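In: Predicted model follows, preceded by the sequence.
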Amino acid sequence: MASSKTSFRLLLPVFLISLTVSVPLRASLTNSGAKNFSMACFEEERKALLEFKRSLGDSLPGLSSWIGEDCYKWTSIRCSNQTSHVIQLDLSNICGEGSDNPAPDAPMSACLGGELSASLVNLTALNYLDLSGNTFKSIPIPSFIGSLQKLRYLDLSDSGFVGLFPPHLGNLLQLRTLDLSKNSISGSLPASIGNLINLETLDLSENKISGPLPVSVGNLSHLNILDLSFNMINGLIPKSIGQLRELGFLNLWSNQWEGIISESHFENLTRLSNLQLSSKSLVFNFSQEWTPSFSAPFISISIRDCKFVSPTFPAWLRSQFIVYIILSNVGISDTIPEWFWRNSPHLGWLDLSNNQ
């Protein structure tokens with residue numbers, strides 16, 4: 001059985017198929033390369049971008065187009081075709097393969113690095129910021145990002161950021177997507193994360209986050225994706241997670257959860273279609289009569305190294321149409337019932353290892 005982090009990444013597309021996909025944010029943005037001569041840069045925003053470039057290193061080949069007066073023509077920049085303000089800055093993986101803005105034959109030394117200038121606060125209409133896949137080694141996420149209050153999309157993943165989770169991100173009340181995965185963020189999550197009430201995607205996976213999960217996470221009522229996998233979060237899983245009615249993808253894999261998880265944790269998760277959870281100190285206490293409120297067309301469940309109170313095969317699975325299931329080392333001592341096979345005609349993965 002595959003046990004790498006990559007195998008769990010592969011489950012996300014299965015979940016996304018079941019979502020009603022909204023029009024991508026970037027589809028509504030003016031093409032930065034379009035020859036729209038009615039548009040003009042605001043001088044303060046042009047200067048802010050050039051100052052930001054200088055803080056990263058003026059010689060970066062991926063930013064070689066950042067010259068002249070017409071910043072709306074620069075690569076990685078999108079401007080509003082109504083107001084001419086800069087609304088998108090996409091500097092993701094600027095020197096790597098698969099980037100939207102790759103610099104041909106650029107070495108890793110040409111990736112973004114160094115400091116991040118606070119000049120970006122002068123981009124007062126900025127709603128999309130992607131700095132993922134770069135090399136900001138051993139610097140904390142700068143506090144000025146919490147002042148970009150028009151942001152709806154923020155991706156700082158896989159960029160070498162360190163330090164505590166920045167509480168100032170709780171100021172970004174319009175944020176829909178927050179991805180800080182694959183960094184070295186440490187310490188506990190602040191209660192201010194519950195301020196982000198418009199969040200739809202929260203990915204904090206593959207960091208060094210510890211401490212308990214704040215109860216305030218239950219305030220994120222629009223959340224469809226929550227990924228906290230591969231951290232060191234401990235303590236109880238708050239029952240407030242059961243308030244996330246829009247949640248479809250819940251990944252709590254590879255943490256240090258403790259205590260009991262019961263039906264109340266899933267009370268209102270009617271849209272849940274992908275659940276991943278593992279911890280040696282976590283006890284599942286579900287009644288054999290329990291019927292989950294979720295029943296997606298296709299569901300994926302991965303539970304490992306937890307303790308089921310009842311040794312019988314979990315009857316709550318009877319109402320589910322399962323395509324992928326791991327129930328490994330959970331204390332089951334039973335045969336697989338006939339109803340499981342009848343309800344799983346599309347089953348693609350089954351792992352019941354280390355049970356009886």
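Out: Cool, the structure landed.

In: List the buried residues of the longest helix anywhere in the chain.
Out: Longest helix in the chain by number of residues (criterion: DSSP state H): helix 43-56. Judged by neighbour count (16 or more other C-beta atoms under 10 Å), helix 43-56 contains these buried residues: 45-46, 48-50, 52-53, 55-56. Any C-beta I mention is one placed from the backbone N, CA and C, and that applies to glycine too.

In: next one: stretch 211-227
Out: Quick answer for stretch 211-227 (16+ other C-beta under 10 Å): 211, 213-214, 216-220, 223-227.

In: would you turn these into CSV with secondary structure, distance to residue 180 and pLDDT?
Out: Shown next, in CSV, are the buried residues of stretch 211-227 (DSSP: H, G, I helix; E, B strand; the rest coil; distance: C-beta to C-beta, whole Å; pLDDT from 0 to 100):
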residue, secondary structure, distance to residue 180, pLDDT
211, strand, 16, 96
213, coil, 15, 97
214, coil, 16, 97
216, helix, 17, 97
217, helix, 15, 97
218, helix, 20, 96
219, helix, 18, 97
220, coil, 15, 97
223, coil, 15, 98
224, coil, 17, 97
225, strand, 13, 98
226, strand, 13, 98
227, strand, 10, 98
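
In: re earlier: toward the C-terminus, what is the element adjacent to the longest helix of the chain?
Out: Counting by DSSP states H and E, the next helix or strand C-terminal to helix 43-56 is strand 77-79.

In: any idea of the mean pLDDT in that following strand?
Out: In this model, strand 77-79 has a mean pLDDT of 95.

In: That one pairs with which strands?
Out: Applying DSSP bridges, strand 77-79 is found paired with strand 86-90 (antiparallel).

In: Remind me what whatever helix or strand comes next after the strand it pairs with packs against, helices and strands.
Out: Following strand 86-90 in sequence order, the next helix or strand is strand 128-130 (DSSP H and E). Applying 3 or more C-beta pairs under 8 Å, 6 or more residues apart in numbering; DSSP states H and E, one finds that strand 128-130 contacts strand 86-90, strand 153-155.

In: on that earlier part again, got JSON lines for the buried residues of stretch 211-227, with distance to residue 307 too?
Out: Listed next are those as JSON lines, based on distance: C-beta to C-beta, whole Å:
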{"residue": "211", "distance to residue 307": "23"}
{"residue": "213", "distance to residue 307": "20"}
{"residue": "214", "distance to residue 307": "25"}
{"residue": "216", "distance to residue 307": "28"}
{"residue": "217", "distance to residue 307": "24"}
{"residue": "218", "distance to residue 307": "25"}
{"residue": "219", "distance to residue 307": "30"}
{"residue": "220", "distance to residue 307": "28"}
{"residue": "223", "distance to residue 307": "28"}
{"residue": "224", "distance to residue 307": "29"}
{"residue": "225", "distance to residue 307": "27"}
{"residue": "226", "distance to residue 307": "23"}
{"residue": "227", "distance to residue 307": "24"}
